[in-house]
Each structure stands twice: as structure tokens, then as C-alpha cells.
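1. A predicted structure for the sequence below; I have some questions about it.
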Amino acid sequence: MPAKGAAKPARERIRPKHATISGLEVAEVYGPADVCGEIGEPGRFPFTRGVYPTMYRDKVWTMRQFAGFGSARDTNERFKYLLAHGSHGLSTAFDMPTLMGYDADSDRALGEVGREGVAVSTIADMEVLFDGIRLDDVTTSMTVNCTASVLLAMYLVVAERQGCAWRDLGGTIQNDMFKEFIAQKEWICPPAPSLRIVTDMIEFCTREAPKWHPVSISGYHIREAGSTAAQELAFTIADGIGYVQAAIERGLDPDEFGPRLSFFFNVHNDFLEEIAKIRAARRMWARLMRERFGAKTDRACLMRTHCQTSGVSLTAQQPLNNVVRVAIQALAGVLAGTQSLHTNSLDETLALPTEEAVTVALRTQQIIAEESGVVNTVDPFGGSYAMEALTDKLEEEAMSYIHRIDELGGILRAVEIGYPQREIADSAFSFQMAHDAGEYITVGVNGYTMEERESRVETLKIGLEIEAQQKRATLEFKSARDRRAVADALAKVGRAATDGANLMPPIVEAVRVGCSVGEVSDVFRDKFGVYGDPAWL
């Protein structure tokens, strides 16, 4: 079949002819009159040009590769493989039952155990997951939200059993529940108690694990759900405002907990827009922390950022093209000044990544760091008329959303009435209409197509025996516990949920005596109730 590349003619265009992937109109040329925002210097407030003065000249970003599949032993082996091949830190994906607070022996887990992440039901699983990996020698990211408190407790207990002090542990747990209600839809209890649990974790980590980031405020999934770049920027920062406000109302000092907040952004296909988005994010956050919340130190105003290349941009058609997409997106993340980066594997639109695919993804980062030369100077796009104008425009659009959220009563209320959800749905629909009309070309999908043939890409397959093994191991672990100690520990978690005490200490104690992810989650379900999406009620 011949290649096709030209956009389909349209009587009335859905988006401007020359626009970013988000629909932001781009001028033919930019000049000095188009730049109005504060550019500044790298490492200085408001950090538009980067959070550190020398950036990658002294130390490159942390290279993480998302890993998690099958059993804890399977993922432990993948962790060790990645560390041996140059990965700087660990990034953990959990399976759907773990994410939703169900153990492997639950009927609700049937068919999902180990399928799209690692299965972790008990402290025994967590010990195997990090077997042979000293937790004070690595930094670990854990992508988990409504059960984040339990998984963090397990990580802390494993660390103490290794002889590691909590104060020496570095890493991040995602724990962004606002993002779940807006985009990803993995939850247990309603927004208000979910915010309370996140605030408990911020308070606990500030005191007990000062190097740990207790929340990664995540725009990634907002973008994957179909938002524009400006919406990703706005709703992510609005989520951060909500957490900071809750922590201050708890009596916490923004100069103490502010440096422990981190952010997580998507890096999509539009190269210039993505760089501008992250530059704007740093500037917006710095000003909000200082002007709105009274943070006095620069450290509390500094936005530390992890980026991941765009999963939704990967295509099943001509999957080898995904290597190119990931490389361009990764380069944008680096030029934007990220502190940590995950590059997707070419096969992730088909299955969990194979070792070969994840190695190519890691090598992509290493080639950028070692061969491209972009690490030699800080913020190479700084002062570019086009880049600064796009940065200003994205900040302006994002701030208009934040003002609207303030008018609605804040992000908690906005989420409860579905405002961000509707805005994202409208944007996703608009983009799909433009894509279907040929106004936006995805190579291999609606342009430059080829006759379909069976994919030659090898994929990772998770055998059904994993589920049976995990279920059996979970039942055996539970049968060997001190049942009275388990019941007493769960009762303490329930009392803390009711009387308003910080939930983390009783959850840590519950994990120590063998309480599972599902059992602690059942306490949440009992005390706080189960949330239902307003769109389905």
C-alpha cells in the first residue's frame, strides 16, 4: 500500500493550521516583543531555567526504568538487571489488585495478579522484592496511590529489617489522590478522607523520613487521559496547592515540608511545547509557594521534577517507530531540566516490556547523556524568543484555570463536582475529532500507513501460574501469623481513622505483625466508605 501523509481536507478546521499538539496556535516567527515573562538565571528564584545553577554539567538526571511484573522475585531480578546496566534508581509498578487494595487471594483479584505490575500483598512479598538491594544505597519510586500508606509502611519495615535508618532512605511514593479522581480512577475512599491520608503521610515523613518524598504530584496521568499541555500544567499545580493548603492547616511549616514535595510530568510529542510546559511549571510553583503560602526559603519553592515519555503516544502500528518518539520526548525532558527521567519501551503499547526493549529505552537516555552534548550547557533554549513566548503563554493559560478552581472553592471542591474531569474529556474529544479529520498525523496510524502484518516484536507474557503461586503464598503467610496481634493492629488503624490521629504509625505497626495490603484497605473501606465516580452515579 502506498504511503499516505497529507492531511485530509476539511471545510472548517477544528484546530489552527499551525498549532501545537494541544491546539496552541504557533506564530510564524517570534521576536523580542513576544517575550514578557521572567527568564532569570538557572538555580535562582523563580527557577524558570532550572533548579540548580550547573544542572547536568556536574551530575546528570536520575535514570529510572519502570519495572514490575509477575511475582516479587521476577521483579527483583529485573531490578538487578537494570541496576547492572546503568540505571540509577528503581521505579516500581504494582499490579491492579495491589493498586486497588485487594490481596492476591481475593476474588476481586482474579485474572489480574501480576499482570500489569508486581503483586504485593504482604510484607513477605516486599522483602523478596528488594532482596539483595540495600535500601539506603538506592532511591526508589513507587507508583501507587490509594494504598500508598500501606506500601510505604512495608518499605520502611523492610528497611529497618535490613538495618537501614529511615532518615537515610531516599525516594518517592506517588500518593497523588487528586490525580486519581481527575484522571486515573484508582481509589478506595472519597476525596476528603483521601486528602487526609496524604496529609498524614506528609506529616509523618517530614518527621520520620526527611529524605523521602511523600507525594509525587502527577500530571502524567492527566495528560494520558487527554488533557492539553496547559490543562496538565494547571490541574497538576492545583493539586499541589490543595496538598500544601491541607498541610498548612495541619500546622506544618511550608519551609519544612515544601522541599519534600516532588512533581511528575508527561513528555508528549510536541517538542517545543513540552519544554516550555516544564519551564513554566517551575516558575509558577516558585511564585505560588512564596506569594501564596509564604515559603521563605528557596528550597521550599523549588520544583523537583520527574518526567516520563508519553505512553499514549506509542502505537501498535509500526511499533519500531516508538523508539524515535521516545528519543524525541526524552530529549525534550532533558532540555526542560528534569531531575529524573523514565523512557518508555517500544513494546509497551502491546505488553509489559521485555528485557531487550527496556534496555533500548535505558540506552536512549544514556546516548542523550553521553553522546548528544546537550548536558554541557544549562537551559540551551533559554532566551529563545519562541521558547520564552510559549512558556509565557502556557503559564497564562494554566493560571486562568487555577483562578477558576479558586472560584469554585479549591481543588477538592472542583474534583467533587467534576470540573477538571469535564475539561479533560472535552479536550480529549476535540483532539480525537482533529485526528480523525486528518488535522493531526500519527505516523503509521492515519498517515504513512502500510499493509498490516503480524508484529515481529517479541512481547513479555505473564503465565497463569503466577496467580496461583501468589494466591497460595498469600494464604500460607496469613495462616502462619499471630491472629490476635493482627486483629489488634487493625483495630488500632480503625481507631486512628475515626479519632483523627495520624494513620501512619498504626499502619507501620500493622505491617510489622503481618497485616496485608487488603486488610488495611478494608479498614479504609469500612471507616471512610467507598467512592463512586460521579459520572457513573
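-> Alright, I've got the coordinates.

2. so what's Thr92 up against?
-> 66-68, 75, 117-118, 129, 140-144 (CB atoms under 8 Å, 6 or more residues apart in numbering). All C-beta atoms are positioned from the backbone trio N, CA, C, and that covers glycine.

3. What segments of this protein are strands?
-> Applying DSSP state E to the chain gives strands spanning 62-67, 89-93, 139-143, 170-173, 212-213, 215-218, 261-267, 304-309, 340-342.

4. Tell me which of those lies nearest to Tyr243.
-> Evaluated over these, closeness to Tyr243 peaks at strand 215-218, with 6.0 Å, by CB to CB.

5. any residues touching that closest one, and which ones?
-> Around strand 215-218, the neighbours that count as contacts under CB under 8 Å, 6+ apart are 141, 172-176, 179, 198, 201-202, 236-237, 239-240, 243, 261-264, 306.

6. which of the residues you listed count as buried?
-> Among those, those buried by neighbour count (16 or more other CB atoms under 10 Å) are 141, 172-176, 179, 198, 201-202, 236-237, 239-240, 243, 261-264, 306.

7. which regions of the chain lie under the pLDDT threshold?
-> Filtered on pLDDT under 70, the chain yields the residue ranges 1-11, 454-455, 535-537.

8. mind running it again at 50?
-> Applying pLDDT under 50 to the chain flags residues 1-5, 7-10.

9. what's near enough to touch the residue nearest to Glu458 when sequence neighbours are not counted?
-> Using CB to CB, 6 or more residues apart in numbering and skipping the chain neighbours, the partner closest in space to Glu458 is Thr354 (5.8 Å). For Thr354, the contact set (CB under 8 Å, 6+ apart) comprises 345, 347, 458-460.

10. Most neighbours among those, please name it.
-> Among those, the one with the most neighbours (other CB atoms under 10 Å) is Ser345, at 30 neighbours.

11. got a list of what that residue touches?
-> Neighbours of Ser345 in contact, by CB under 8 Å, 6+ apart: 326, 353-354, 357-358, 360-361.

12. Among the contacts of Thr354, list the two that are farthest apart in space.
-> The largest separation in those, counting by CB to CB, is between Ser345 and Glu458 at 11.6 Å.

13. so how far is Thr349 from the nearest residue to Tyr401 once chain neighbours are set aside?
-> Using CB to CB, 6+ apart and skipping the chain neighbours, the partner closest in space to Tyr401 is Ala234 (3.5 Å). Using CB to CB, to the nearest Å, Ala234 is found at 28 Å from Thr349.

14. With Gly68 instead?
-> Distance from Gly68 to Thr349, counting by CB to CB: 17 Å.

15. Mind checking which of these two has more residues around it?
-> It is Gly68, of Gly68 and Thr349, that has more neighbours when counted by other CB under 10 Å, with 26 against 17.

16. hang on, that one packs against Val120?
-> No - Gly68 lies out of contact with Val120 (CB atoms under 8 Å); the separation is 9.0 Å.

17. Closest to Met399 out of the contacts of Ser345?
-> Val326 (30.8 Å).

18. check contacts around that closest one.
-> 309, 314, 343-346, 361, 364.

19. ok, now Cys515?
-> With CB under 8 Å, 6+ apart, Cys515 has these contacts: 486, 489-490, 493.

20. let's see it at 6 Å
-> Listed by CB atoms under 6 Å, 6 or more residues apart in numbering, the contact set of Cys515 reads 486, 489-490.

21. Repeat that for Thr297.
-> Asp255.
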